[in-house]
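Novice: dropping a prediction and its sequence here:
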Amino acid sequence: AQSVTQLGSHVSVSEGALVLLRCNYSSSVPPYLFWYVQYPNQGLQLLLKYTSAATLVKGINGFEAEFKKSETSFHLTKPSAHMSDAAEYFCAVSRRGYNKLIFGAGTRLAVHP
Amino acid sequence: SQTIHQWPATLVQPVGSPLSLECTVEGTSNPNLYWYRQAAGRGLQLLFYSVGIGQISSEVPQNLSASRPQDRQFILSSKKLLLSDSGFYLCAWSDVAGSTDTQYFGPGTRLTVL
């Protein structure tokens, strides 16, 4: 069975600091991997996805994530945090063609001035 | 381009009352459709998904039901709401023809059951 673990339910960084949100997955087959962002009282917005092309995936708003098969990880990073990055971030995994996503519990990112 | 709509945006209902939430997708045909619930502090829970008109799969036994009367319309219903039905309800769609299972979410409906 597939699963996703997001390490840290809350992460706090200073404006301009590196953002690192951790995601580890479990999958018996090569997965698709996703990061979504959710602002308060809004739906989820796709940040980026890994679909077996390049292992370093660039997304919107300056975010990127690297697929590391040996570590079963798909951590999300951004070199310099902005106040507008404060939101909840969800990592998700899909077994190819299965038409369903398995979501992590989410990480709430706070950005301080 | 594709868009997804949900209404109402917010809803306050008494315990025991019925519920109907609607989701519609524009700009695509024969999408997979999904209903999720976010309860406070509990992440995303998949409730139902549909791969075609009249085809509904339930993920979690509960007080809710779903229907897909038209290709791009997905409805979440309840005959009698419970307090535990409160939460943020999200509809999503994915492209059947695509191969990456990417889901795109609507703006959500905030349901409060009192």
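Specialist: Received it, and whenever you're ready, just let me know what you need.

Novice: need the residue closest to the centroid of chain B.
Specialist: With distances taken as CA atoms, centre = their mean, B:Trp35 lies nearest the centre of chain B, 2.9 Å away.

Novice: and after the helix or strand containing it, which helix or strand comes next?
Specialist: If you go by DSSP states H and E, B:Trp35 is part of strand B:32-38. Downstream of strand B:32-38, the next assigned helix or strand under DSSP H and E is strand B:44-52.

Novice: list the pairing partners of that next one within its sheet, with orientation.
Specialist: Sheet pairing of strand B:44-52 (DSSP bridges) gives strand B:32-38 (antiparallel), strand B:55-58 (antiparallel).

Novice: run through who's touching that strand.
Specialist: By CB atoms under 8 Å, 6 or more residues apart in numbering or on different chains, the surrounding residues in contact with strand B:44-52 are A:44, A:90, A:99-101, A:103, A:106, B:30, B:32-39, B:56-60, B:62, B:64-66, B:68, B:71, B:74, B:76, B:90, B:96. Backbone N, C-alpha and C define where each C-beta goes, glycine included.

Novice: could you rerun that using 6 Å?
Specialist: A:103, B:32-38, B:56-59, B:66, B:68 (CB atoms under 6 Å, 6 or more residues apart in numbering or on different chains).

Novice: closest to A:Thr77 among those residues?
Specialist: Checking the contacts of strand B:44-52 against A:Thr77 by CB to CB gives A:Phe103 as the nearest, at 19.7 Å.

Novice: please report how far B:Gln6 lies from A:Asn41.
Specialist: 12 Å (CB to CB, to the nearest Å).

Novice: if we can go back for a sec, using CSV, please lay out the contacts of strand B:44-52 together with pLDDT.
Specialist: Output for the contacts of strand B:44-52, formatted as CSV (pLDDT from 0 to 100):
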residue, pLDDT
A:Phe103, 93
B:Asn32, 93
B:Leu33, 96
B:Tyr34, 96
B:Trp35, 96
B:Tyr36, 96
B:Arg37, 95
B:Gln38, 93
B:Ile56, 94
B:Ser57, 91
B:Ser58, 90
B:Glu59, 87
B:Ala66, 96
B:Arg68, 97
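
Novice: hmm, which of those are the buried ones?
Specialist: A:103, B:32-38, B:56, B:66, B:68 (16 or more other CB atoms under 10 Å in any protein chain shown).

Novice: which one of the strands paired with strand B:44-52 lies nearest to B:Leu11?
Specialist: It's strand B:32-38; of the strands paired with strand B:44-52, that one is closest to B:Leu11 (CB to CB) at 13.4 Å.
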